[in-house]
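Visitor: turn this into a structure:
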Amino acid sequence: MMQNRANPVMQIAASAELLQRGCVNLIGLEEIKTEVGPGWEKIKASVWAKLENLLRQKLSATDFYTQVDDTSFLVSMPSATPEESRIFCLRVAHELHVSLLGSCDIGKLRLASVTGAREGVFANAPITGPQLVALARTARLDEEGARAAPDQKAVPVTGAGGKGGVCHKFTPIWDAQREAVTTYRCVSVEQDVSEADSASVQAKIDLAATISHIAKAAEVLGKHLEAGERFLMWIPIAFNVLTSPVGRMEITGVCRSLSSDLRPYLIFEMSELPLGVPQSRLSELAGALRPFCRGVAAQLPARIPNYGASLGAGLYAIGLSFSASGLSGTDMDSELFKLSLAAKRQRVKSFVFDVPNHDLLRSLRELGMTYLSSSLVGEALDAPMPVKRLLLQDIPVTMSQPGVAA
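Guide: Below you'll find the model as predicted:
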């Protein structure tokens, strides 16, 4: 077991609470130093700078890193689980080795879990052998580079209008109080995908589709920001995908790889929530996503007894979807009033998607709802557009959809 001298900053990053959670690790550079040989002294500063750049790009605002000595960096990730933090460090180490050496033997990566700190010294347990191989398999790394492992079923991804795989669309969302289209909700529609023959295969397909639309949304948003166009990008993630340990690990891994410049413009939505999700679970899931975005919204099921579970969960917004809820008539009026009241009491934003008619759109605005989507506001687009003014009086008035009461 190796030991390193810990300065006061490191002692905070490797506090007893964080060590107990298992989210503090060391990335070692010994193999790179060995490969470089006598030239290490000349290039070590550039190696450190490259690793620091990777960590700055991928870590969230709540995470921390610092250089420990000549060949090791400490990474503390309070918002991650032990496995997520180790996989993150392993992927960063792998990327660094490949970029510097051209290839990477997984067995030669140096990764350790910090296990204790006493009297200015912290100890660590190296992750090696079968444990390292298993971690690399979970991280979907192999001896030749980062790619999907054989047992991972990939979903083909295409842009909008492509054939097969996943089609990405962007639904405009109207800020009812500001009377402007400020946000686009990225949705992914599977095309020509055969029915899954098992729940496990379907879970992999759902996860791959989710990761696909996160990556696509980030790519599109990044290009618009570079062009000086500002809007919010709203990204739904299904509850069953987010609650899967593997799913949550993969999603947070993708989020960590996104540029921190995107975070003020991203809103993650927990969708398809079932009845009865407790406040502690909502808080846990929101906490996993919050470091990577402006805020986390929750699309709640209709006809819940009350909105108490969302109180104190750290949410940015709460809301409903007409297409998912099946609301109509007096049932609808009651639910929407309860939602608006809960959002005001909790001091969070509110949203209602797929609003069926103009009268209801106006009523929701008068109730104080924040974000509204409707075919009257705009159909899903192949690409988002910059923020634009849209007054209520300029939204066309049409007949309500069949079977939906006004």
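Visitor: from here on, contacts and neighbour counts on C-alpha atoms
Guide: Will do.
Visitor: confidence score at Asn124?
Guide: Looking at Asn124, its pLDDT stands at 82.
Visitor: what about it, which helix or strand?
Guide: strand 121-126 (DSSP states H and E).
Visitor: and the helix or strand following that strand, how far out from the chain's middle?
Guide: Downstream of strand 121-126, the next assigned helix or strand under DSSP H and E is helix 129-138. Distance of helix 129-138 from the chain centroid (CA atoms, centre = their mean, to the nearest Å) equals 24 Å.
Visitor: swap in stretch 106-117?
Guide: 26 Å.
Visitor: pull out the buried positions in that stretch.
Guide: Under the neighbour-count criterion of 16 or more other CA atoms under 10 Å, stretch 106-117 has Ile106, Lys108, Leu109, Arg110, Leu111, Ala112, Ser113, Val114, Thr115, Gly116, Ala117 buried.
Visitor: give me the mean pLDDT for it.
Guide: 86.
Visitor: my read is that Glu30 contacts Arg110, right?
Guide: Yes - Glu30 lies in contact with Arg110 (CA atoms under 8 Å); the separation is 7.2 Å.
Visitor: quick one on the thing from earlier: which single one of the buried residues of stretch 106-117 is nearest to Asn25?
Guide: Nearest to Asn25 out of the buried residues of stretch 106-117 is Ser113 (CA to CA; 4.4 Å).
Visitor: quick check: that closest one is in a strand.
Guide: Yes - using DSSP: H, G, I helix; E, B strand; the rest coil, the assignment for Ser113 is a strand.
Visitor: can you name the residues bridging to it?
Guide: Using DSSP bridges, the bridge partners assigned to Ser113 are Asn25, Ala125.
Visitor: go on, Pro236?
Guide: According to DSSP bridges, beta-bridge pairing links Pro236 with Glu269.
Visitor: give me the pLDDT value at it.
Guide: Value listed for Pro236 in the pLDDT field: 95.
Visitor: over to Ala309?
Guide: Reported pLDDT for Ala309: 86.
Visitor: try Ala148
Guide: Taking Ala148 on its own, its pLDDT is 33.
Visitor: now swap in the one 10 residues further on and tell me
Guide: As summarised for this prediction, Thr158 has a pLDDT of 42.
Visitor: likewise for Trp40?
Guide: Predicted confidence (pLDDT) for Trp40: 88.
Visitor: check Leu55 too.
Guide: 88.
Visitor: helices or strands next to the host helix or strand of it in the packing?
Guide: If you go by DSSP H and E, Leu55 is part of helix 40-58. Under the contact criterion of 3 or more CA pairs under 8 Å, 6 or more residues apart in numbering; DSSP states H and E, the helices and strands touching helix 40-58 comprise helix 82-101, helix 245-257.
Visitor: now the shortest one: average pLDDT?
Guide: This points to helix 245-257. Computed over helix 245-257, the average pLDDT equals 82.
Visitor: that helix - contacts with which helices or strands?
Guide: helix 40-58, helix 82-101, helix 199-226, helix 239-243, helix 279-289.
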